[in-house]
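*Asks:* Pasting a predicted model and its sequence here:
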Amino acid sequence: MSRVGKHPVTLPKGVTVDIAGQSLKAKGKLGELTLVVDNDIEAKLADGAVKLTPRSDSKRALTMWGTTRALVNNMVKGVADGFTVNLEINGVGYRAAVQGKVLQLQLGFSHEVKYPIPDGITMKCEKPTAISISGADRQKVGQVASEIRSLRPPEPYKGKGIKYDTEVIRRKEGKKK
């Protein structure tokens with residue numbers, strides 16, 4: 001039995017949800033997101049909340065119940081407030097800058113790395129060593145942050161590279177004489 005799926009997703013002020021068959025559409029100040037609900041799950045809109053119920057007691061239906069509830073909750077939070085992931089760049093000469101719809105990164109390679117910013121994602125570089133990625137779709141924000149981090153992941157000896165601001169790099173001791 002899903003403990004997550006039991007709780008209805010309350011809609012904050014300014015968010016509207018439309019349910020048409022198995023399609024669920026959330027609209028808010030930060031945009032519009034859609035989700036195709038699994039066939040094993042039934043979605044209803046009742047007194048300012050989205051209530052999800054499984055259509056059967058099969059293991060798959062109960063599994064998808066909690067997953068679908070989490071996805072709907074992320075959609076509603078995303079169109080209302082949005083999601084933000086912050087990245088830090090460490091290393092001498094490493095820096096980032098946003099130029100139009102392209103993130104330009106200098107990461108110690110012989111060339112500058114250019115990362116095109118996808119639709120629905122906004123990036124800011126308040127400092128040359130800090131990148132803020134935000135958007136309404138939680139999965140997309142996390143995917144973009146992961147792709148940027150993978151361009152130069154942090155190394156354990158000096159900690160050079162791109163890391164999440166909440167990430168802790170386990171440092172290793174260098175070689176001894």
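*Replies:* Nice, thanks for sending it over.
*Asks:* need the contact list for the nearest residue to Asp18 once chain neighbours are set aside.
*Replies:* In space, and not counting its chain neighbours, Asp18 is closest to Lys25: 4.6 Å by Cβ to Cβ, 6 or more residues apart in numbering. Heads up, the C-betas are built off the backbone N, CA and C, glycines and all. Lys25 makes contacts with Val17, Asp18, Ile19, Glu32, Leu33, Thr34, Leu35, as judged by Cβ atoms under 8 Å, 6 or more residues apart in numbering.
*Asks:* change it to 10 Å
*Replies:* By Cβ atoms under 10 Å, 6 or more residues apart in numbering, the contact list for Lys25 reads Thr16, Val17, Asp18, Ile19, Glu32, Leu33, Thr34, Leu35, Met75, Val79.
*Asks:* Any buried residues in whichever strand or helix holds it, and which?
*Replies:* Per DSSP states H and E, Lys25 falls inside strand 23-28. Residues of strand 23-28 classed as buried by neighbour count (16 or more other Cβ atoms under 10 Å): Leu24, Ala26, Gly28.
*Asks:* can you list the residues you listed in CSV and add distance to Lys175 and pLDDT?
*Replies:* Output for the buried residues of strand 23-28, formatted as CSV (distance: Cβ to Cβ, whole Å; pLDDT from 0 to 100):
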residue, distance to Lys175, pLDDT
Leu24, 56, 91
Ala26, 54, 92
Gly28, 54, 91
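*Asks:* could those residues be laid out in a markdown table, adding distance to Arg3?
*Replies:* Output for the buried residues of strand 23-28, formatted as a markdown table (distance: Cβ to Cβ, whole Å):
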| residue | distance to Arg3 |
| --- | --- |
| Leu24 | 21 |
| Ala26 | 23 |
| Gly28 | 27 |
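*Asks:* Fine by me, thanks again.
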